[in-house]
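Colleague: model this:
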Amino acid sequence: QVQLVESGGGLVQAGGSLRLSCAASGRTLSRYGMGWFRQAPGKEREFVAISWSGGITAYADSVKGRFTISRDNAKNTVYLQMNSLRPEDTAIYYCAVHKGGSEYRDRFEYDYWGQGTQVTVSS
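Modeller: You can find the predicted model right below:
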């Protein structure tokens, strides 16, 4: 059984930074793509970023240049460094394990999810 636990969310002013963590247990994540999604109130859950083994990453256009995904395979942990935060980044952020297909922006291509961590950016 895979368990993912996100942490690091909070309240920050626009222009500030936060670093989210996603710690995994029950599976070694080094061979899997690990993604971050977010869901704002009344909106669909949307793709934010993904990190594959080997250092390949991909980002949503809305966060490119501001967010950085990274992973520490020794700690079985994935991170999301968020800089230059904007009020529209306010959402619950989730990490998830990618199933391995070619599609990575669709949330149905992920099969394990954490409980989420709230990020609130004030203007």
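Colleague: Report the separation between the residue nearest in space to the middle of the chain and Ser123.
Modeller: Nearest to the geometric centre of the chain sits Trp36, at 2.2 Å (Cα atoms, centre = their mean). Here Trp36 is placed at a distance of 23 Å from Ser123 (Cβ to Cβ, to the nearest Å). C-beta: built from backbone N, CA, C; applies to glycine.
Colleague: got the contact list for Ser53?
Modeller: By Cβ atoms under 8 Å, 6 or more residues apart in numbering, the contact set of Ser53 is Ser30, Arg31, Tyr32, Gly33, Asn73.
Colleague: tell me which element it falls in.
Modeller: Ser53 belongs to no helix or strand when assigned by DSSP states H and E.
Colleague: pretty sure Arg66 contacts Leu80?
Modeller: No - if you go by Cβ atoms under 8 Å, Arg66 and Leu80 don't touch, sitting 10.8 Å apart.
Colleague: ok, and what's touching the helix or strand where Phe37 lies?
Modeller: Here Phe37 sits within strand 34-39, counting by DSSP H and E. If you take Cβ under 8 Å, 6+ apart as the criterion, strand 34-39 is touched by 20, 22, 45-51, 69, 71, 78, 80, 89, 91-98, 104, 107, 110, 116, 119.
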